[in-house]
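Enquirer: what's the 3D shape of this:
(3 chains)
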Amino acid sequence: MGSSSNGDRPWQSYHTAYTNAKAGMDGVDKEKVQRVIYEMSKGSKYFESEKRKEAFLKQKIDNLQAQRAKLTDKDISHFQQICDKKVVDLEASRDLSKIWLHSDMDAFYAAVETLGNPALRGKPLAVGSLSMISTANYEARKFGVRAAMPGFIAQKLCPDLTFVPPNFEKYTYYSNLTRKVFQKYDPNFIAMGLDEAYLDITETCNNRGISREEFADELRHAVYEETGLTCSAGVAPNRLLAKVCSDINKPNGQFILPNDRNAVLSFISSLPIRKIGGIGKVTEHVLRDVLGINTCEEMLQKGALLCAMFSQCSTEFFLSVGLGLGSTGPPQHTLRKSISTERTFSATEEESFLFEKLADVAETLSKDMQKECLCGRTLTLKLKTATFEVRNRAVSLQKYIHSKEDILNYASKLLKAELPLSLRLMGLRMSQFRDDNLDPMQKTLTNFFISGEDATKSLTCISKSSGLEISDKQITNNGYLDSSIGNGSCFSNDSCNVSYESDYSLSNLLVEHNNNDGFGVNSVDDALSVKSNPSKREKMKELINFSEGEAVHLSNQKVEPLWVDDYICALCGIQLPPSFTEERQEHSDYHLAEMLQKEESTKMTRHLMQPERLVERTKKTGEGSRKKQKFSPKEDEHIPIEAFFIKCKKSL
DNA sequence: CCTGTCGTTCCCT
DNA sequence: TATAAGGGAACGACAGG
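Expert: Next up is the predicted model:
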C-alpha cells in the first residue's frame, strides 16, 4: 500500500526535511544528492521510521481526498459564498502604510566561524558534527549539504567538508553586535532567533526621504561594518512578505517589494506556498495532493474547498496568504506557554542509565525555569524509542513546581510506567504556568539587578520571561530585550548554559519567595474545583505542603486515604474541617478511585502495552480524523487578521 | 455544551 | 564503525462536569 510508483528509482520517493532546496542550492545535482541520501539512509532505523511517518501522511491525504470527493456542487457553492465573504473582509484589512524590513544573516554560524579562522574561507564548511549539521556555508551547499542533515551523509556528498563544532557563545556575541545596529534604525525591532530581525522602517524612510533600496543597502553595510558578516534583506509592506523577500537574493543581497497592491498580488501569484513561513513539508504536501494547490494564488482559486475542508483558523490563514497579507502592527507579546528540554543519547534500556539521564534533564529544566521564574503544574515526559517512535506522557498536578527534586520525582513515575523500553531520547516539558500578578514585578526587579550587573549577559536569558519586556527596555543599557531572543538557538546543545551562571542565586531567591505565598490557595482551589462548591471552598484554606498531591499514584503500596488530625488529607494536603464528613468521604473516594484507575492503567501499560496502545490509536485516528472538519454554521463571525495571527500562527 | 487534560503533529532554525 | 536535533505552539480527541 505504501509503495509508490518509482520502483526503479526508489530514492526519488524518500524526502526528508533537508532534501528541500534552500537558498544557495541552485546548481546542485539534485538527483545525485537524493541518491546518496537514500543509499546512506536505507535500512537504518531512522529510515524505517521515516517511511512509517510517510505512510501515515499518505493515509491522511487519502482520507482528505475521500472527503473532498464527497462534496456536492451544492456544498461547493455554499462554501464559495463563505469564502467570498472572508476574502472581502480580509481585503478590507489590508494595510499598505507600513514598510517592514526583514534581515537574515547569511549562513550565520558558519560565517562567524570563518571570521574567527580565515583559513576556512572559501572551503566547504559545516557547523555541527557527524551526527547533525546546524549550518553549512555556501561552498558546502553547492554539494547539497545543508542544515538539519546528518554529518555523515554530508561527508559523503562532500568529502572535503570541514566540520566545526558549534560555539553558541560566539554566535550570541555576534548576534548582539547585529542587534546594536538594528537598534539604531528601529529601537523596537523584533529579533527572531540569533540571526534574524524585523525592523519597521516606515518612519525612517519617510523622515529621511530615502528609498527602501537605499535603506536596505545602508543597513546591510552597517551590519557588515560592525560585524564583518554579510546579511540579506527583504523589504515589503508586511512581515510575512518581508521574510519571503529576504530569501530571494541570498546571500548578501536584497529584494524590495513596493507597497502597492498590484505589486503584491503579482508577487504572490506565482510564489510556491512552501516559501511562506508556517507552511512546512506536511501542509505543502496536503495542499498539493488534495487540492492541487502549488502557488499562493491558487489558495484563492481553491478558496471554497479550503473553507470546506479546513478549520476556520487555517482557512483564514490560507486565504490571507493568497492575498499577500501579513502582520503590520507591533508584535503581540504572547506569553510563553511551555518550556522544555530534551537530550539524545545512544539507545539503551539500562534503567540506571535512563534514570540518571532523566535527572540531568530534570536539572536542566529546573534551571531553565528558574531563570524565568516559572512554576508549572503539568509535566510531560517525552520518549523516543530506539526505533524513533515518539511518546509523550503527562501528569497534571495540583500544585505548581519548579525544583529539580519535584520534577524528577514526577518524571520518574511517568518513566517507570513505560519501562522496560529501549530509548534514544528523553525530554521534559512543563506547562500550565502559574500566572500570578506578583511575578511581573519581581521579574522586573530581577531584570534590573541582572542588567545592572552585566546587561549583555542578561540579554539572552531574561528575554521572553514575560510580556512586560517593553517597559523594561530603558533599564537594560541597550534595550535588546525582545520577545524572541531566547527562541532561536535551535540546534544548540548548551547554548543557554554558557553565560548566565550569575543569575541563578537571585532568581532562586525570587522563586523561593513566590512559592511561599503563591500556591497554597491555588492548590486548594484546584483540588476542590472537582468536588466542592464555592461556598465551602471559601472555608478551606492553607494547605500543608505535602508533595504527594499529584494525580498519579503508581506506588504499589496500597495507600489508604488518610486524614491527618482528622481533617487534613494526607494525600493532597487539603483540609476539610471536621464538620465536613460527607465531603471528606467523597474526597477519599476520589483518591481511591484515582489510585485504582492509575494502578489499572499501569498494569495495562506494563503487560499489554502493544495491543492496548494500538487499540487506542486506531480508535482515535480511524474514527476521528474523518469528522474533524467543522462545517460550522457560525462561519460569519469575522476574526480580524491581527487576532488570527495571535491565535493561530505566530507567523509574522 | 464547555472545559481541562493528554498525546500528536507541525513548524522553525 | 555507526552515525538522524531541540524547542515551542497548535490541534484534535476525549472525559468529566
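Enquirer: Low-confidence regions, chain A specifically.
Expert: A:1-6, A:17, A:19-22, A:436-652 (pLDDT under 70).
Enquirer: Would you mind giving the domain segments of it?
Expert: A:100-123+A:160-259, A:338-506, A:515-607 (automatic domain parsing).
Enquirer: Would you quantify the distance from the residue in the stretch 151-300 of chain A that DNA strand B sits nearest to to A:Ile273?
Expert: Among all residues of the stretch 151-300 of chain A, A:Gly280 sits closest to DNA strand B, at 2.4 Å; criterion: C-beta to the nearest atom of the strand. C-beta coordinates here come from the backbone N, C-alpha and C atoms, glycine included. Taking C-beta to C-beta, to the nearest Å as the measure, A:Gly280 falls 10 Å from A:Ile273.
Enquirer: between those two, who's got more neighbours?
Expert: A:Ile273 (21 against 12; other C-beta atoms under 10 Å).
Enquirer: Could I get the contacting residues of the more buried one?
Expert: A:Ile273 makes contacts with A:279, A:283-284, A:287, A:293-296, A:299, A:321, as judged by C-beta atoms under 8 Å, 6 or more residues apart in numbering.
Enquirer: Quick one: residues in contact with stretch A:249-256.
Expert: Stretch A:249-256 has contacts (C-beta under 8 Å, 6+ apart) with A:23-24, A:104, A:106-107, A:138, A:212-213, A:216-217, A:220, A:230-236, A:245-246, A:248.
Enquirer: Ok, stretch A:30-49 next?
Expert: In contact with stretch A:30-49 (C-beta under 8 Å, 6+ apart) are residues A:10-12, A:14, A:16, A:19, A:21, A:50, A:143-144, A:149, A:152-153, A:156-157, A:386-389.
Enquirer: Validate this expectation: A:Pro159 resides in a helix.
Expert: No: counting by DSSP: H, G, I helix; E, B strand; the rest coil, A:Pro159 falls outside a helix, being coil.
Enquirer: The one helix or strand A:Asp406 maps to near DNA strand B anywhere?
Expert: Assessed by DSSP states H and E, A:Asp406 sits inside helix A:404-416. No: judged by C-beta under 7 Å from any atom of the strand, helix A:404-416 and DNA strand B are separated, with a smallest distance of 7.9 Å.
Enquirer: What residues sit buried inside that helix?
Expert: Neighbour counts over helix A:404-416 (16 or more other C-beta atoms under 10 Å) mark A:404, A:406-415 as buried.
Enquirer: again with stretch A:348-367
Expert: Buried-residue list, stretch A:348-367, by 16+ other C-beta under 10 Å: A:354-355, A:357-359, A:361-367.
Enquirer: what's the answer for stretch A:239-256, then?
Expert: Under 16+ other C-beta under 10 Å, the buried positions of stretch A:239-256 are A:239-248, A:250-251, A:253-256.
Enquirer: Span of it from start to end?
Expert: Terminal residues of stretch A:239-256 are spaced 13 Å apart (C-alpha to C-alpha, to the nearest Å).
Enquirer: List the buried residues for stretch A:193-206?
Expert: Buried positions in stretch A:193-206, judged by neighbour count with 16+ other C-beta under 10 Å: A:193-202, A:204-205.
Enquirer: Pull the most distant pair out of these.
Expert: Across these, no pair lies farther apart than A:Leu194 and A:Cys205, at 26.4 Å, counting by C-beta to C-beta.
Enquirer: Now A:Lys60: phi and psi?
Expert: phi -60, psi -40 (degrees, to the nearest 10).
Enquirer: how far away is it from DNA strand C?
Expert: 10 Å (C-beta to the nearest atom of the strand, to the nearest Å).
Enquirer: Please list all residues in contact with A:Leu358.
Expert: By C-beta under 8 Å, 6+ apart, the contact set of A:Leu358 is A:408, A:411-412, A:415, A:426, A:428.
Enquirer: any idea how far it lies from DNA strand C?
Expert: Taking C-beta to the nearest atom of the strand, one finds A:Leu358 at 14 Å from DNA strand C.
Enquirer: For that residue, grab phi and psi.
Expert: According to degrees, to the nearest 10, A:Leu358 has phi -60, psi -40.
Enquirer: What distance do you get for it to A:Glu350?
Expert: 12 Å.
Enquirer: And stretch A:52-72, what's buried?
Expert: A:54, A:60-61, A:63-64, A:67.
Enquirer: wait, does the helix or strand encompassing A:Val36 contact DNA strand C?
Expert: Using DSSP H and E, A:Val36 maps to helix A:30-41. Yes: if you take C-beta under 7 Å from any atom of the strand as the test, helix A:30-41 does meet DNA strand C, through A:37, A:40-41.
Enquirer: before we move on, back to that, among the buried residues of stretch A:193-206, which ones are in helices?
Expert: When the buried residues of stretch A:193-206 are checked against helices (DSSP state H), the matches are A:202, A:204-205.
Enquirer: For the stretch 301-450 of chain A, which residues are neighbours of DNA strand B?
Expert: Near DNA strand B, when you scan the stretch 301-450 of chain A using C-beta under 7 Å from any atom of the strand, you find A:378, A:380, A:390-396, A:432.
Enquirer: and the residues you listed as TSV, adding neighbour count?
Expert: Shown next, in TSV, are these (neighbours: other C-beta atoms under 10 Å):
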residue	neighbour count
A:Thr378	16
A:Thr380	19
A:Val390	11
A:Arg391	13
A:Asn392	11
A:Arg393	17
A:Ala394	15
A:Val395	16
A:Ser396	15
A:Gln432	16
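Enquirer: Please identify which pair of the residues you listed lies farthest apart.
Expert: By the measure C-beta to C-beta, A:Val390 and A:Gln432 form the most distant pair in those, at 21.2 Å.
Enquirer: From the contacts of stretch A:249-256, list just the buried residues.
Expert: Using 16+ other C-beta under 10 Å, the buried ones in the contacts of stretch A:249-256 are A:23-24, A:104, A:106-107, A:138, A:212, A:216, A:220, A:230-236, A:245-246, A:248.
Enquirer: ranges for the helices of the stretch 201-350 of chain A?
Expert: A:202-208, A:212-227, A:239-246, A:261-269, A:281-291, A:296-301, A:303-309, A:312-322 (DSSP state H, counting those that start in this stretch).
Enquirer: any idea how far the closest residue to A:Ile99 other than its chain neighbours is from A:Asp260?
Expert: In space, and not counting its chain neighbours, A:Ile99 is closest to A:Thr202: 4.6 Å by C-beta to C-beta, 6 or more residues apart in numbering. A:Thr202 sits 15 Å away from A:Asp260, going by C-beta to C-beta.
Enquirer: Mind checking which of the buried residues of stretch A:52-72 are in helices?
Expert: Taking DSSP H as the definition of helices, the buried residues of stretch A:52-72 contribute A:54, A:60-61, A:63-64, A:67.
Enquirer: For DNA strand B, what is the nearest residue in the stretch 1-150 of chain A?
Expert: For the stretch 1-150 of chain A, C-beta to the nearest atom of the strand, closest residue to DNA strand B: A:Ala148, 4.8 Å.
Enquirer: Apart from its chain neighbours, what residue comes closest to that residue?
Expert: Counting by C-beta to C-beta, 6+ apart, the residue nearest A:Ala148 is A:Tyr18, at 4.6 Å.
Enquirer: quick one: the one you found is in a helix?
Expert: Yes: assessed with three-state DSSP, A:Tyr18 lies in a helix.
Enquirer: A:Val223 and A:Lys180 touch, don't they?
Expert: No: between A:Val223 and A:Lys180 there is no contact under C-beta atoms under 8 Å: 9.6 Å.
Enquirer: For the two, indicate the residue with more neighbours.
Expert: A:Val223 (23 against 16).
Enquirer: ok, that one - contacts?
Expert: A:103, A:178, A:181, A:229-231.
Enquirer: what about 7 Å?
Expert: A:178, A:181, A:229, A:231 (C-beta atoms under 7 Å, 6 or more residues apart in numbering).
Enquirer: Over to A:Asn409?
Expert: A:Asn409 makes contact with no residue, according to C-beta under 7 Å, 6+ apart.
Enquirer: From DNA strand C, how far off is it?
Expert: 20 Å.
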